[in-house]
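Enquirer: I need the structure of the sequence given here:
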Amino acid sequence: MSMKLIMACVVGFLVSSLVGAFLVPWLRRVKAGQMIKEIGPSWHMSKSGTPTMGGIMFIIGVTAACFSAGWSAFSKGEYGHILCLLLALVFGAIGFLDDYEKLKHKQNLGLTAKKKFLLQLVAAVVFILLMRNLGYITPNLYIPFVNVTVPIPEPVYFVLAAFIIVGTVNAVNLTDGVDGLATGTTIPVMAFFVAVTYYWGPAYEGMGVFASGLVGGLLGFLIYNFNPAKVFMGDTGSLFLGGAVAALAFAYDMPLILVTLGIIYIIETLSDIIQVGYFKLSGGKRVFKMAPFHHHLEMGGWLGHKWTEKQLFVLFGGISALFAVISFLGIMNRFQF
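Expert: The predicted model follows:
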């Protein structure tokens, strides 16, 4: 099994990096440039015109990994990795539509929030129903660290699951605001699922292949996305990543692990919610210099130090890696070997 996990990572990396060699110049030629929000840090305006939709690179990479290294799992009747891939692809397609609308109208406004939410909600519900019918998930909540499973009514579970999936997808999307940030934050998250697969055994091989393939795909993408970025992943990539993170958490039947594993996503989301809420309640005052939290740090909101994009990449990636290790310790006793 370990060789298949390694193979998936290698395939994901090679395909993603090779696709990038052709995709990035093509995106430049067709002028598929990102429109930068005027409300963001002023120095980000220099990035305007940088090609977007680069997430296509790692999407193709992980897909290739699933249908090469993951074929044996599929032939044995294991479909978890295919369902995870399909959910991520659906969210990626929603992101692609959003990116296309932005490029079409030459502004940073794509699909309306209502349209995006409804599309995401439908995708989440269909995924939950499929995973439940195929036996990958149960209407029980496993609580990491205390190693307790709590049964809950199935309708309540479905509502909670839909909320977690849609929330996770949009939280990952919020993290994609600095060169390499969402990429560097998500690599340790995927590595966590690879480690869990190796520890829990062959029954989770397919999902491990998906996670490992995405690690490789993101590393290949990082060649072009590290500061200064030659391409952005766009909503095509960030919504795909959010779908992948949420899908794997449910495929392993432990969605609550996202509380620690997705700590960066949670911080980014809470900072945005707090900022907007306080702004409305206080009549225009702010808690942070700018939200999400990475922009607050960029603008010197932590002890006056203005964090560079490279420093933020290291900081967020390091915190994500630390909490991936903590999360792994929290699930080690779920099954006794």
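Enquirer: alpha carbons only for contacts and neighbour counts from here, please
Expert: OK.
Enquirer: not counting residues beside it along the chain, what's closest to Tyr100?
Expert: Distance criterion C-alpha to C-alpha, 6 or more residues apart in numbering; nearest residue to Tyr100, sequence neighbours excluded, is Gly110 at 7.4 Å.
Enquirer: I figured that neighbour hits Phe96, correct?
Expert: No. At 9.8 Å, Gly110 does not count as touching Phe96 under the criterion of C-alpha atoms under 8 Å.
Enquirer: quick one: which of these two has more around it?
Expert: Phe96 (23 against 20; other C-alpha atoms under 10 Å).
Enquirer: what sits against that one?
Expert: Listed by C-alpha atoms under 8 Å, 6 or more residues apart in numbering, the contact set of Phe96 reads 53, 234-236.
Enquirer: so which of these belong to helices?
Expert: In helices, defined here by DSSP state H, the members of the contacts of Phe96 are 234-236.
Enquirer: take the residues you listed and write them to JSON lines, including pLDDT and distance to Tyr198.
Expert: Output for the ones in helices among the contacts of Phe96, formatted as JSON lines (pLDDT from 0 to 100; distance: C-alpha to C-alpha, whole Å):
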{"residue": "Gly234", "pLDDT": "93", "distance to Tyr198": "32"}
{"residue": "Asp235", "pLDDT": "95", "distance to Tyr198": "31"}
{"residue": "Thr236", "pLDDT": "96", "distance to Tyr198": "30"}
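Enquirer: make a ChimeraX selection of the buried ones in these.
Expert: Entered in ChimeraX, the line below selects the buried ones among the ones in helices among the contacts of Phe96, by 16 or more other C-alpha atoms under 10 Å:
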select :234,235,236
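Enquirer: for the longest helix along the chain, name the packing helices and strands.
Expert: Longest helix in the chain by number of residues, with DSSP H as the criterion: helix 2-29. If you count contacts as 3 or more C-alpha pairs under 8 Å, 6 or more residues apart in numbering; DSSP states H and E, helix 2-29 packs onto helix 56-66, helix 205-225.
Enquirer: where does the stretch 101-250 of the chain dip in pLDDT?
Expert: Scanning the stretch 101-250 of the chain for pLDDT under 70 picks out 107-108.
Enquirer: which helix or strand contains the nearest residue to Ala246 once chain neighbours are set aside?
Expert: Nearest residue to Ala246, sequence neighbours excluded (C-alpha to C-alpha, 6+ apart): Ile165, at 5.3 Å. Using DSSP states H and E, Ile165 sits within helix 154-175.
Enquirer: report the distance from that helix to the chain centre.
Expert: Put simply, helix 154-175 sits 13 Å off its chain's centre (C-alpha atoms, centre = their mean, to the nearest Å).
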